[in-house]
Every structure is written in C-alpha cells, then in structure tokens.
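J.: Sequence first, predicted model second:
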Amino acid sequence: MPIHPRQIFQGLLNLAFPAPCAVCGRRPAVLCRDCLAGLRAEGLFEPAQCSRNGLEGLRLTTYTPACAALMSSVKEQGQTSVWGALEDELRLLGEGLAARWPGARLICVPSSRSAMRRRGVNPAEMLGRRVARAARLPMVGGLRLVRQPQDQAALSQDGRAANLRDSMSFNAPRGQGGPLIIFDDVVTTGATILEAARAIRAAPGAPLVAGFCVFAETLRKRSPDEPKGSMFSPQAK
Ligand SMILES: [Zn+2]
C-alpha cells in the first residue's frame, strides 16, 4: 500500500512533538508501556468467537473506552504506530484466524469516499494487512462501494442496515483460492460485514464467505431470549 503524505507528515510531527499516550494522555508514546501492561493484565486482548446474524467471526478485543481511545487516535489523529505497539496482540489474532480458517483469504470492507478524503487511508485495510501478515494468509481486493452511505455512528440498528443495503459490489479476484474472511476494525450491529457478505455472495463465481474477523467487537446488551455463553474463547489459556 502506498504511504499517504499524511502518514509521512504525522511521522515527522511525532519525531518533533511526541504524541501523548492515547489511553492515559500523559507519557509521550502513542500507547505507553504502563497502559499496555494494564490492558494486558485486564485480559483485554484475547481472541474470541462472536457472530452476527449467523455469520461467525473472530475478534481480538471488546470495544471498551480504552479501545475506543486507541481506535480514535488511529482514525482521527493518524497515529498508525498504535498498531506497531500492539504487534504481539495482532499476532495472536492472526494465529487464531489461521487456526480457525486455514487456507482462507482476507478481504477488507471498503471505506467511504468522505472517510478516505478525511483520513487519507482506510484504517481497517491497514489493520487487515497487519493481521493477514501475522496469519500468513493472503489479502484480496474486489469489494467496493457502489453508492456512498451516510456516517453510521448516529443510526439505529435498523437504520444502519437500511443505510448500507445494496451499497457494495464485489468483483471476484482472478484465479482460485480459499474461502473469504471479511475484515473490519470494529463490528457493532454487523451491518457493514453483512452487507459485504451479501455483495460477495451475489457476485457470479464468488468464493465462499466463511466468516469475519475484527479487531474489536461492541458487545450488545443481551436480550432475554438469547442463549447465555454464546461468546467464548476458542483457545484455552
Ligand atoms: Zn498511557
């Protein structure tokens, strides 16, 4: 992936004025050692299964306030070195991915044009490439937006699904390959991932969609009729 001028600028800026830690805001490191140790001690980074609408997924962590602060420093301040600080954690996710779906290929959800203009990069794709590398699985392209949806943040679950419905299309990559795992940075209602799965399945000659993989899952409030213990760690530690 080409380096965007904004990343170079951010790198130079960090050398001159080290960014404060995204979590505690004190020490001059994008994620300071104390905060990282604290998050690890809390067991925040543990690959676990999740699912949305019957599609199975794997996530590294849950969307806690600390996780939100980390994601925001990457997405809004361009502090992509956060992912470097979390290299060991991303390796865990990659290993979990490769163990769960050996021979699969990763495909990243597309970023909207306005988000690309604002950020210069697709943060989910940057993260997906790191996870794919850790998993030693190939990453393929082919998903794109055919119309520009609104920002999802303020929408309800139904609103998100309606906003994204039929917003993506998929062109199957040339050649044969394993099933696809859809990658995104965060899953909340699942609307984005489910729209990606729909677009892939609708394309002629499309490979199988085996599941999805995300950095963080926003935990939903469990409804009373939902079975307990539907989320569990796939690996005994
Ligand atoms: Zn800190």
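T.: Looks like it came in fine.
J.: Show me which residues of this structure sit near the ion.
T.: Residues of the chain lying close to the ion by CB under 5 Å from the ion are 21, 23-24, 32, 35. (Glycine included, C-beta is placed from N, CA and C.)
J.: In contact with the residue nearest in space to the middle of the chain: list those residues for me.
T.: Geometric centre of the chain, nearest residue: Asp185, 1.7 Å, by CA atoms, centre = their mean. Residues in contact with Asp185 (CB atoms under 8 Å, 6 or more residues apart in numbering) are 71, 75, 123-124, 127, 214-216.
J.: quick one: low-confidence ranges for this protein?
T.: 1-4, 6-7, 10-18, 221-237 (pLDDT under 70).
J.: Tell me where it has helices.
T.: Secondary structure of the chain (DSSP state H): helices at 5-16, 33-41, 65-75, 81-85, 87-100, 113-119, 123-135, 157-164, 191-202.
J.: Give me the buried stretch members for the fifth one, please.
T.: Along helix 87-100, the positions that meet the burial threshold by neighbour count (16 or more other CB atoms under 10 Å) are 89-90, 92-94, 96-98, 100.
J.: Between the two ends of stretch 43-58, how far is it?
T.: With CA to CA, to the nearest Å as the measure, stretch 43-58 spans 16 Å from end to end.
J.: And stretch 43-57, how far out from the chain middle?
T.: How far stretch 43-57 lies from its chain's middle: 12 Å, per CA atoms, centre = their mean, to the nearest Å.
J.: How about residues contacting that stretch?
T.: Contacts of stretch 43-57 (CB under 8 Å, 6+ apart): 39, 58-62, 64, 66-67, 86, 89, 92-93, 95-97, 187, 189-190, 193-194, 197, 209, 211-214, 217, 230-235, 237.
J.: Same check on stretch 64-79?
T.: 6-7, 10, 14, 19, 22-23, 30-31, 35, 39, 44, 61, 63, 80, 82-83, 86, 119-121, 123, 127, 185-186, 215-216.
J.: and those, which are buried?
T.: By 16+ other CB under 10 Å, the contacts of stretch 64-79 give 7, 10, 14, 19, 22-23, 30-31, 35, 39, 44, 61, 63, 80, 82-83, 86, 119-121, 123, 127, 185-186, 215-216 as buried.
J.: Next, count neighbours for the nearest residue to Gly142 once chain neighbours are set aside.
T.: Closest residue to Gly142 in three dimensions, ignoring its sequence neighbours and counting by CB to CB, 6 or more residues apart in numbering: Asn171, at 4.8 Å. Close neighbours of Asn171, defined as other CB atoms under 10 Å, add up to 15.
J.: ok, Asn171 touching Pro110?
T.: No - in this structure, Asn171 is not within contact of Pro110 by CB atoms under 8 Å, at 12.0 Å.
J.: joint contacts of these two?
T.: Arg144.
J.: Could you report the distance from the residue nearest to the centre of the chain to the ion?
T.: Here the criterion is CB to the ion, to the nearest Å. By it, Asp185 lies 21 Å from the ion.
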